[in-house]
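**Q** sequence unknown, structure follows:
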């Protein structure tokens, strides 16, 4: 039972006692309290309605923010794709081949290295920000530890 329904029930009980026909101090007090309860119940109903609307609005905002975060995080992921190129990065789309990345305007100022995975034959592109000694193949997960010296890549013997 809602607050408004409970107030209506109490008001009905008071009418059953015929308090509105009595002019005693007690009946006036009870009538005033019933009116106060009715007004408070209506105000609370209005506040609950507003809260429900705000909750719906917040949920919509949260979904929209999630979409924005997804777009922004995808952009960050695309920037990192060329570190371990799988042939499906933005640069490859422009150049048609990963080996031609140096011709691509996207990474013109960036120096990168390529190594072929001995396990699966996948070409892995990475730049100097990647720890070459702990490099892993994105295709098969094999460790491709190598040392980069003066643009020369030497595999680490395990």
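**A** Done, it's in. From a predicted model like this one, the values you see are computed outputs, not experimental measurements.

**Q** name the element residue 4 belongs to?
**A** According to DSSP states H and E, residue 4 maps onto helix 3-16.

**Q** er, residue 124 I mean
**A** Take DSSP H and E as the rule and residue 124 turns out to sit in strand 123-127.

**Q** Counting by contacts, list what that strand packs against.
**A** When contacts are defined as 3 or more C-beta pairs under 8 Å, 6 or more residues apart in numbering; DSSP states H and E, strand 123-127 packs onto strand 112-116. The C-beta positions use only the backbone N, C-alpha and C, and glycine is treated the same way.

**Q** returning to what we had before: in its sheet, what does the strand holding residue 124 sit against?
**A** Applying DSSP bridges to the sheet, strand 123-127 is found paired with strand 112-116 (antiparallel).

**Q** biggest helix in this protein, by residue count?
**A** For the chain, the longest helix by residue count, based on DSSP state H, is helix 25-80.

**Q** so residue 143 sits right up against residue 133, yeah?
**A** No - the pair residue 143 / residue 133 is not scored as a contact, 9.3 Å apart, by C-beta atoms under 8 Å.

**Q** Apart from its neighbours in sequence, what residue is nearest residue 116?
**A** Leaving aside its sequence neighbours, residue 116 sits nearest to residue 123 (C-beta to C-beta, 6 or more residues apart in numbering; 5.6 Å).

**Q** how near is the one you found to residue 57?
**A** Residue 123 sits 49 Å away from residue 57, going by C-beta to C-beta, to the nearest Å.

**Q** okay, now the residue lying closest to residue 6 once chain neighbours are set aside: neighbour count?
**A** Closest residue to residue 6 apart from its sequence neighbours, by C-beta to C-beta, 6+ apart: residue 41 at 7.4 Å. Residues lying near residue 41 (other C-beta atoms under 10 Å) number 17.

**Q** Spit out the contact partners of residue 41.
**A** By C-beta atoms under 8 Å, 6 or more residues apart in numbering, the residues touching residue 41 are 2-4, 6-7.

**Q** separation between it and residue 122?
**A** Distance, residue 41 to residue 122, using C-beta to C-beta: 69 Å.

**Q** same thing with residue 142?
**A** Distance, residue 142 to residue 122, using C-beta to C-beta: 9 Å.

**Q** Can you turn the buried subset of the contacts of residue 41 into a selection I can paste into PyMOL?
**A** The buried residues among the contacts of residue 41 can be selected in PyMOL (16 or more other C-beta atoms under 10 Å) with this line:
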select buried, resi 3+7
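
**Q** Show me which of the contacts of residue 41 is closest to residue 30.
**A** residue 7 (12.8 Å; C-beta to C-beta).
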